[in-house]
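> Requesting a structural model of the entry that follows:
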Amino acid sequence: MGTEKPDNLEDALEAQRKMSSVSYNVYDTITSTTSDSSNAYFVYDTISSTATGMTMLGAEGSNLNDSYLDLTHPENDEKQNGSHREDVEKLGSKDKNYSDMTAAWLKARKQGACGKVKKSLAAKLPILSWLPKYNMDSGVSDMIAGVTVGLTVIPQGIAYAVVAGLPPQYGLYSAFMGCFTYCVFGSAKDITIGPTAIMALMTNTYAQYGPQYAVLLSFLSGLIILLCGLLRLGFLIDFISVPVIAGFTSAAALTIASGQWKSLLGLSIDSHHKSHTHAGVVDYYIDIFQNIGTIRWQDAVLGLCCSIVLLSLRAINRTKWFKPIKGESTSTIQKFTNQLPAKSLFILDKVVWFICTARNAIIVIICLLMSWCLDPELHSCKTHPDQCVFSLTGSIQSGLPAFQAPPFFILANSTMNGTFPEEDISFGDMAGKLGSAIIIIPIIAILESVAIAKAFAGGKPVDASQEMVALGICNIFGSFVQSMPTTGSFSRTAVNSASGVKTSLGGVYTGGLVILCLAFLMPYCAFIPKATLAAVIMTAVIFSVEHHVLKPMWNSKKIDLLPGFVCFLVGLFFELEMGIFSGIGVHLMIVLYHTARPGVLVEVKQVPGARQHYLSIRPDQGIVFPSVSYIRNLISKAAVKQGKSKMIVVIDCSHMSQADFTAADSFKAMLADFHGRHQAVYWQAANQGVITTLRAIAGEEIKVISGPIELASAKQESPKLGLGTITEMVTISEEVPESLVLGTNIPNEIPTTPSSETAPKRRFIISPGDKV
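Here you go, the predicted model:
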C-alpha cells in the first residue's frame, strides 16, 4: 500500500490477511475508495494482524464504521451512503470471521501455556509421563525385574557395608529408600539406586569415626548433587574425561578387590599391627604376607569355590548354549540342548538365566544354610576357634531403621562407634572431618549415575540435570533412614535391564524385598560366611577394571593415556581422591597447552587467474589470550622469512571461531609493524563476531576479503575491501620438493609462471614447538 490505492476495503483486508501469515504488520491507516466514486474514500484508524488472526481497532471492536472520517463531497452523500452500507455489510461478515480466528488463537495460546506447564512438570516428575499409561503387562515385568534385583542387592548391600567399615545392616538401610525415591524423580527405567563398591570404599575413610559421619555424608552429598541439578550444572561433569574416569574406576576396583583377600582366605590381622606405609594397595599385601600363617583352610576353600562358581555362572550367562539355533556357527552344547522340544528349551533357558542372574543370592543362601547346619550355635572364630567352622558375619541388628533427621551433631556420652565422646561434637567439627569427601563423593556419584543412564538409554538423550536432581533427593531421603552415600549400580542396572523392566516402578519391588529382609530375615543373615561375601565382592568388581580402553586410546590419541595412567597410579598407590584430582589436572593442562599453542598452516599460494602470489596463514582454532603472543610472532616471522617482507599476507580465519580483547590489541600492534614496512595484511573468511572484536580495537586496519581472487588488483597500498560473501578458495597446487619444506633451504625468488595451471603452492605446517 504505497502510493496506489486499493480498489475496496475487502481487497485491502484480504491482502493484509495474506501478509499476516509471515509477519506482524501494523498500518496506521488504510484507505478505501468506493466502487461508484473515485473521489470518496474512508480512512480507518488502525488495522493490525498476527500470524493467527486479525484484530481491528476501531471505536468498539466490530463497529468499524464509527471510526472512519467522511471526506466525501456533499453532492454525493446519498450515493456514498449506499455504497458505504454495502461496504459495512461486507466488513461485518469479514469481521465475524476474524473474531472467530481471534478466539481460536486465544484458545490455542491457552492450550499452549497449559501444555508447557504439563511438559515442565513431567520433566521434573517423570512418573507423570508413564504412570497414566501403566498396564498389567508392565506391572508383571516390573515385579519380576524388581524381585530379581532385590535378590542381588541384599547380599551386595551387606557386603558393601563391610567394605565401608559399617555394621552390615547399614548396607540394607542404604538399599531401599533410593529405589522408592528414584521411581518418582528418575528419568531412566533401568537404573537402580543403592550402595556400590566405589561409594563404600570412599566412605570407609570417614566411617571409622562412626556411622553418624556416613549418614551425614549422605545428606550433604545429596544436598550438593540436588543443588547442581537445579542449577543445571551437569556440564561440569564434561570436564572429567573418559581416560580419567577409566583410570579412577580401575584403581578403585583393584583397591576393593585387594581389601577382600583377608576375608576370602580367613586371615587374622591384628588391627594394632597393620601396615601404615600410606602406599594404597601396598598396605593390603604387606599385611597378607606378614600374616600368611593365619590362613584358615576352611574359609580359603569356601571362598575360592564360591569365586569359581560365581565366575562360571557369569560366563554361562553370556553363552548361547540354551538359545535356539539361528545361524551356522553353533557349539556342541547348543546342538545338544536344541534336541529338546521348543517349549522345554524355552523353559530351560529361562531357568538357567534366572540362576545365573541371581547367582549372588543363590550362593549366599546355600552357604548360609551350610553354615547353619555345621555351626547352629553361631560360634565366633575369635573366641571359639576350635568350634567355629567358617568365619561368619555375626549378629546383625534386625528391624527397620527409625525415620529421623541425619545427625548434625553428636552429644557427649552418646554411643559413637562403640565409644562415648566426652564432649559435644558440633556440625562444624563433623564437616571438618569429612573434608574433601563433601565434594569428591558427589562428583563420583554423579559420574556413576549419569554414565549408567547414558549406557542404558538406547541412544535416547539423557537429561543429566534431572538425573542429578533425582540422585540428590535419593541421598537426602536416604539419610533420614541412616543410609550411607548411594548412586546408580552398573551391575544391578544390567540385571534390571536384562530382566525386562518396563518402568522405574520395578524399584518399588526391590525396596519392598529389602524391607522384608530387614524385618524378618536379619537373624538368619548372621550365618553368612565372610568368605562368601568376599567372593561376591571380588567377582563383581574385577570386571570394572577398564583394560579394554587401552588399545583404542593408543590407536586414536596416545597423549590421552597420560591423564588416565596418572589417575590410575596415584589412586592405586596413594589415595583415590588425589588420583581423580591429579588426572583432571593433567588433562586440563594438556587442553590448555593446545589452546596456547595451536597448529598453524603457512602456505605460499597463487591468486587464481593471476601471476600474483600471497602468503596464506591459517590457524586451526580461535585465538584467545594464551595463544596471542605465539600466533603474532609466528605471523610476523613468516611474513618476513617466507614473504620477504613484501608479499601480501592473508590470514585465513575459516577455523577461527572466536577472538578476545587481548588478541585484538596484539593484532593492532602487529598491523602497525606491517604498515611500517608497507606490507599489506588481509583477513579472509572471518565470521562477523571475530571481525567485530578486532575492529573494535584495530579499527579499519582490519581489511576483510571473501576470497583470494579479490587480491588480483591489490598492490602494496591495498584498497579497502568490504565484507563480502564467502567464496570457495581455488588454488592450483602440485607436490613441493623437500627443499621447499619449512626448515630447509628456500629460494630467494618466488617463482612466477605464465599459467596458473603450473603454479606451485608452498606448504608449511607449523606445529606447537616449531620455530619459523
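
> As a check, name the ranges of all strands in the stretch 201-350 of the chain.
Counting by DSSP state E, counting those that start in this stretch, no segments of the stretch 201-350 of the chain form strands.

> Walking through it, point out its helices one by one.
211-230, 242-259, 261-265, 282-290, 297-317, 332-337, 342-357 (DSSP state H, counting those that start in this stretch).

> Just put those in JSON lines and tack on mean neighbour count.
(Glycine included, C-beta is placed from N, CA and C.) Formatted as JSON lines, the helices of the stretch 201-350 of the chain follow (neighbours: other CB atoms under 10 Å):
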{"stretch": "helix 211-230", "mean neighbour count": "24"}
{"stretch": "helix 242-259", "mean neighbour count": "23"}
{"stretch": "helix 261-265", "mean neighbour count": "21"}
{"stretch": "helix 282-290", "mean neighbour count": "15"}
{"stretch": "helix 297-317", "mean neighbour count": "17"}
{"stretch": "helix 332-337", "mean neighbour count": "13"}
{"stretch": "helix 342-357", "mean neighbour count": "14"}
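
> which one of those lies closest to residue 512?
Checking these against residue 512 by CB to CB gives helix 342-357 as the closest, at 18.9 Å.

> I'd like the distance from the closest one to the chain centre, please.
Centre-to-centre, helix 342-357 and its host chain are 37 Å apart (CA atoms, centre = their mean, to the nearest Å).

> which residue sits closest to residue 212, ignoring its sequence neighbours?
residue 407 (4.1 Å; CB to CB, 6 or more residues apart in numbering).

> helix/strand/coil for residue 615?
For residue 615, the assignment made with DSSP: H, G, I helix; E, B strand; the rest coil gives strand.

> so where do the helices sit in the stretch 51-200 of the chain?
Going by DSSP H, counting those that start in this stretch, the stretch 51-200 of the chain shows helices at 77-124, 127-130, 136-163, 169-173, 177-185, 197-207.

> wait, the stretch 601-750 of the chain
Going by DSSP H, counting those that start in this stretch, the stretch 601-750 of the chain shows helices at 628-641, 661-676, 688-698.

> Which one of those helices lies nearest to residue 513?
Closest approach to residue 513 among the helices of the stretch 601-750 of the chain (CB to CB): helix 688-698, 57.9 Å.

> Can you list the helices and strands that the closest one packs against?
helix 661-676 (3 or more CB pairs under 8 Å, 6 or more residues apart in numbering; DSSP states H and E).

> Confirm residue 461 sits in a helix?
No: going by three-state DSSP, the assignment for residue 461 is coil, not a helix.

> circling back: most neighbours per residue, which of the helices of the stretch 51-200 of the chain?
Comparing these by mean neighbour count (mean count of other CB atoms under 10 Å), helix 169-173 comes out on top with a mean of 26.

> Could you point out which residue ranges in the chain have low pLDDT?
The model of the chain has pLDDT under 70 over residues 1-98, 111, 113, 115, 328-329, 379, 381-386, 414-420, 713-772.

> residues near residue 429, how many?
Neighbours of residue 429 under the rule other CB atoms under 10 Å: 13.

> Enumerate every residue touching it.
Counting by CB atoms under 8 Å, 6 or more residues apart in numbering, residue 429 touches no other residue.

> try it again with 10 Å
Residue 429 is in contact with 409-410, 423, counting by CB atoms under 10 Å, 6 or more residues apart in numbering.
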